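# make a model of this:
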Amino acid sequence: TPHRQLELDRQLQVRLQEPGDPVAHSSRCYSAATCDQIWLALRLAIAQLLAPPETPCILDDALVCFDDARMGRALELLRQLAQQRQILLFTCQTRERDYLAGHKNVTVLTL
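Numbering: from 1, shown residues only. This next block holds a predicted model:
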């Protein structure tokens, strides 16, 4: 769902305002998957703004609550971002590995 506004306060509490709703709501009102999507977007934005390009972006189970369609879109975004910075994605699932199988310039390590 597109949001009109996202607020992040000094205590790292997130509030979202949806189109047509005059009130911003705490991220606690949203599903775990939506919250994970918010935090992934925030981490990627902060890395883009503050970290030098040679600094890798390390993500640990960042997609675990995503459904398969959103996971696919997130992995495509991470593949694009990996052209500018190294992305390390740690996960306990195999679906990310399965999705990325056969893509060029992607190394998947299974432990």
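
# so Gln37 touches Arg70, yeah?
Yes - shown here, Gln37 and Arg70 form a contact pair, counting by C-beta atoms under 8 Å, at 6.9 Å. Placement of C-beta: from N, CA and C, glycine included.

# just want the most central residue of the chain.
The centroid of the chain falls nearest to Leu40 when counting by C-alpha atoms, centre = their mean (2.6 Å).

# chain neighbours aside, what residue packs nearest to that one?
The shortest distance from Leu40 to any non-neighbouring residue, by C-beta to C-beta, 6 or more residues apart in numbering, is to Ala62 (5.2 Å).

# next, count neighbours for the one you found.
22 (other C-beta atoms under 10 Å).

# using the three-state scheme, assign it.
Here Ala62 is recorded as coil under DSSP: H, G, I helix; E, B strand; the rest coil.

# now do the same contact list for it.
Taking C-beta atoms under 8 Å, 6 or more residues apart in numbering, we find Ala62 in contact with 36, 39-40, 43, 74, 89, 91.

# other residues contacting whichever strand or helix holds the residue nearest to the centre of the chain?
Here Leu40 sits within helix 32-50, counting by DSSP states H and E. Helix 32-50 has contacts (C-beta under 8 Å, 6+ apart) with 1, 6, 8, 14, 16, 27, 30, 55, 57, 59, 62-67, 70, 74, 77, 81, 85.

# go with 6 Å
14, 27, 57, 62, 65-66 (C-beta atoms under 6 Å, 6 or more residues apart in numbering).

# now do the same for the residue nearest to the centre of the chain: its pLDDT.
Note on Leu40: pLDDT of 93.
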